[in-house]
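>>> give me a model of this one.
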Amino acid sequence: MSQQSAVPKPSLQGVRTKVRKGQVKAQAKHEPAVFRDQLYKHLETVPENDFEGFSAKLVQAGGTLEYLKYADALFEILLVGGLIQPGGSYLDDGAPMSPFSIFNARNPPDIEELKKYVDVFNKLNRRFKYLQKPFEEQSLPTLLQYIGRWSSEQRDKLAMTIGLLLSQGLVTAACLQSLTKDHLIKNDQSINILALVFSAYLTDQSIDHLAATLKRGNIKDLLLFFPPNKRDAKVLDAFFREKNLPTVADWYTKKQYAIAKDAIMKELKEVVERSDDSESIISAIQSKLEEQRLPETELIQSIWQGLMASVDWSARPDQIEGLALREVGKFAPVLVAFCKGPKTQVALINIVQVYCYDDTRVMKAFPQILKVLYNKDCVSDQAIIYWYQKGSKPQGRQHFLKATEGLVKFLQEQEESEEDEDEDEE
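Numbers count the residues shown, from 1 in each chain. This is a model prediction of the structure:
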């Protein structure tokens, strides 16, 4: 038995074991420098500023080079001109800078020229769709966190390019999250880069388009790009206005107002459900205002909407108008507390006008509601007359002006008689 076991087993000579293609790739060496040199051979044949030529060569090179495996190296070469080591410095192996890179654009950066560079990226990613994910999820966030390594001109070019990439939908705003890292925000680097990104973006798109892009990228608060000691809405407003981006400042302010208004409306609904005492409601509103101030016109709108949202409108159709008048009368002390100036009073009338226009159940009750507001000192006769003459909203204007014609005529006559009495006394 022992002799039999010592006899070697027969084997087939000259037969190669088949290995899967994916396994071969996984076991292959990762040599970004070799990839770079091979890519350079393609790009070096293209004349300077021949963007169509660069696009064609990149597509051609993708047929032989492993773009997916070396995606990070590819975009480092095309964006900043060379391979980047951990820490953000260039790989020091004596290789020249890339024949094609956004850093090759002229100084100072020109937005129209950078658009031509962005078009090359667009064509490359459209041809090789698998590059999209590593481009926006790995390459851009990595380069952004090293942005302090480059000169001011190079930083400007990269920031403006990213703005154009975002505006054309080639990447999402999620890549901007890298700018919230502590080493970038402490010296205002992040916010200055962000301003350049926004400026380039707004050359092609609107502020509403930018707002939607930031929302999709989960960029919730621009204050996170400021140093901790500067995270204040007033500082943000002043910064973007100084950078000639007033639309960004206005958008952010409106966004903060919307958040504050939603918070007040939510609080009002909860307070009214617990108690309809006017003092409790007023106290709750004042407490919210300490957290976030609102212009009076914005505040009175959120108060009206919050109070009306708390009303149970499940009454019969023929009882809705009476219900509306009772509820307005009940909540009048709350409105009076925050409706002090003539501008706010006119704003309240317009808010009620639009509300009645949107909810046809109470449309006919508008003149009576206006009369209740007048009798409860929420609005003055001058505010009603001004609204009637030139301050009304376009929604249902002719209907509401005709419906309030009698009330306005009465107020005008009353005002004239009071003036006559004053003259007689003199």
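>>> wait, residue 370 sits on residue 406?
No - between residue 370 and residue 406 no contact is recorded; they are 11.1 Å apart, counting by Cβ atoms under 8 Å. Where C-beta positions appear, they are placed from N, C-alpha and C, glycine not excepted.
>>> those two: which is more packed in?
A count of neighbours by other Cβ atoms under 10 Å puts residue 370 above the other of residue 370 and residue 406, at 26 against 10.
>>> pLDDT of whatever helix or strand the more buried one lives in, averaged?
Assessed by DSSP states H and E, residue 370 sits inside helix 366-375. Averaged across helix 366-375, the pLDDT comes to 94.
>>> how about the following helix or strand past that helix: buried residues?
Using DSSP H and E, the helix or strand that follows helix 366-375 in sequence is helix 381-386. Buried residues in helix 381-386, counted by 16 or more other Cβ atoms under 10 Å: 381, 383, 384, 385, 386.
>>> and helix 381-386, what does it pack onto?
helix 342-358, helix 366-375, helix 405-425 (3 or more Cβ pairs under 8 Å, 6 or more residues apart in numbering; DSSP states H and E).
>>> quick one: low-confidence ranges for the protein?
Applying pLDDT under 70 to the chain flags residues 1-28, 276, 418-426.
>>> so which residue is dead centre in it?
Centrality entry for the chain: nearest residue to the mean C-alpha point is residue 211, 2.8 Å, by Cα atoms, centre = their mean.
>>> from what I can see that one touches residue 254, true?
No - the pair residue 211 / residue 254 is not scored as a contact, 9.5 Å apart, by Cβ under 8 Å.
>>> from residue 144, how far out is the residue nearest to the centre of the chain?
21 Å (Cβ to Cβ, to the nearest Å).
>>> residue 90 now?
Between residue 90 and residue 144 the computed distance is 17 Å (Cβ to Cβ).
>>> the two: which has the busier surroundings?
Per other Cβ under 10 Å, whichever of residue 90 and residue 144 has more neighbours is residue 144, with 22 against 15.
>>> so who does the more buried one touch?
If a contact means Cβ atoms under 8 Å, 6 or more residues apart in numbering, then residue 144 has 158, 162, 175, 176, 178, 179, 193 as its contacts.
>>> what is the nearest of those residues to residue 124?
residue 162 (15.9 Å; Cβ to Cβ).
>>> the closest one - how many residues pack around it?
28.
>>> what helices and strands are in contact with the strand or helix carrying it?
In the assignment (DSSP H and E), residue 162 maps to helix 152-167. Counting contacts by 3+ Cβ pairs under 8 Å, 6+ apart, helix 152-167 packs against helix 71-80, helix 111-127, helix 140-145, helix 189-201, helix 207-216.
>>> nearest to residue 86, out of those helices?
So among those, helix 140-145 is nearest, using Cβ to Cβ, at 9.6 Å.
>>> buried stuff in that closest one?
Buried residues in helix 140-145, counting neighbours by 16+ other Cβ under 10 Å, are found at 140, 141, 142, 143, 144, 145.
>>> again with stretch 79-98
Buried-residue list, stretch 79-98, by 16+ other Cβ under 10 Å: 79, 80, 81, 82, 83, 84, 98.
>>> for these, which one is nearest residue 413?
Distance to residue 413 across the buried residues of stretch 79-98 (Cβ to Cβ) is lowest for residue 79, with 74.5 Å.
>>> ok, that closest one touching residue 162?
No - using Cβ under 8 Å, residue 79 makes no contact with residue 162, being 9.3 Å away.
>>> still on that earlier bit, for the contacts of residue 144, give me TSV that also has distance to residue 336.
Formatted as TSV, the contacts of residue 144 follow (distance: Cβ to Cβ, whole Å):
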residue	distance to residue 336
158	56
162	51
175	51
176	46
178	51
179	47
193	49
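>>> what sits up against stretch 259-276?
Contacts with stretch 259-276, where a contact means Cβ under 8 Å, 6+ apart, come from 280-281, 284-285, 287-288, 291-294, 298-299, 301-303, 305-307, 309-310, 330.
>>> using CSV, write out every CA atom in it.
Provided in CSV are the C-alpha atoms of stretch 259-276 (Å, rounded to 0.1, in the frame of the first residue of the first chain):
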residue,chain,number,x,y,z
ILE,A,259,-38.6,77.7,7.6
ALA,A,260,-39.5,80.2,10.3
LYS,A,261,-43.1,80.6,8.9
ASP,A,262,-43.5,76.8,8.9
ALA,A,263,-42.3,76.6,12.5
ILE,A,264,-44.8,79.3,13.6
MET,A,265,-47.7,77.7,11.7
LYS,A,266,-46.9,74.3,13.3
GLU,A,267,-46.6,75.9,16.7
LEU,A,268,-49.9,77.7,16.3
LYS,A,269,-51.7,74.6,15.4
GLU,A,270,-50.4,72.8,18.5
VAL,A,271,-51.2,75.6,20.8
VAL,A,272,-54.7,76.1,19.5
GLU,A,273,-55.4,72.4,19.9
ARG,A,274,-54.4,72.7,23.6
SER,A,275,-56.0,76.0,24.3
ASP,A,276,-57.6,78.8,22.2
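>>> distance from that stretch to the middle of the chain?
Between the centre of stretch 259-276 and the centre of its chain there are 26 Å (Cα atoms, centre = their mean, to the nearest Å).
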